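> Provided below are the primary sequence and the corresponding predicted coordinates.
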Amino acid sequence: MLRSLNSCCVFAILAMPVVASAEARTEQTLCHAFEEIYFSCQMDRKIVSICASGNISPDNGYVQYRYGTVNQLDLQYPDVPLSPRHRVAISDTSGGNAQYTHVKFRQSGFDYVLYQGFPSGLYVKKNGRTVFNKTCQPGEFQKLSQRAYRGIETVAPQDGVDQ
């Protein structure tokens, strides 16, 4: 009986980090539990996430951009799960000593660019002018998943969009 109780206590202690990790995941991403997190970070009171499921190539599965809070999405693109080809793209850019990876899409005349580098963040442009630019809170972001390169087409940087 005592041995069984000790085993139970050890299991409970070992399980705690897993529970804490699962709780942290829900606070830091807008992706569902069944989706792969390509990128997610907190910006002030909002979260920006790139979520995917079944995305083994640009023509398979889906990739969605989400911005908002766990309780209220401000934007989800595309509105319904669709393959990313001709909707979402990746560009690698560099300037001086800085190197960035951009995940980008266009909606309603706005260019949305999630950038991963130092720092990482999100900017939005309209007609080549930046109308929004926020960085991820320090320590509150993940690197872009390497699997994103398999599922999202890579394109050359675009003038007026990629800074």
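Right, received. Where do you want to start? For clarity, every value in this text was computed on a predicted model and none was experimentally measured.
> excluding sequence neighbours, find me the nearest residue to Gln99.
Gly117 (6.2 Å; CB to CB, 6 or more residues apart in numbering). (C-beta placed from N, C-alpha, C; glycine too.)
> the one you found: what's it in contact with?
Gly117 makes contacts with Ala98, Gln99, Tyr100, Thr101, as judged by CB atoms under 8 Å, 6 or more residues apart in numbering.
> same thing with Ile50?
Applying CB under 8 Å, 6+ apart, the residues near Ile50 are Ile37, Tyr38, Phe39, Ser40, Val63, Gln64, Tyr65, Arg66, Val103, Leu114, Leu144, Ala148.
> where's the second one, which helix or strand?
When secondary structure is defined using DSSP states H and E, the element that contains Tyr38 is strand 36-43.
> for that strand, packing partners?
helix 2-28, strand 46-53, strand 121-126 (3 or more CB pairs under 8 Å, 6 or more residues apart in numbering; DSSP states H and E).
> one more time with 6 Å, if that's ok
strand 46-53 (3 or more CB pairs under 6 Å, 6 or more residues apart in numbering; DSSP states H and E).
> got the angle for the strand it packs on vs strand 36-43?
Per axes from the mean of the first three to the mean of the last three CA atoms, to 10 degrees, the angle that strand 46-53 makes with strand 36-43 is 180 degrees.
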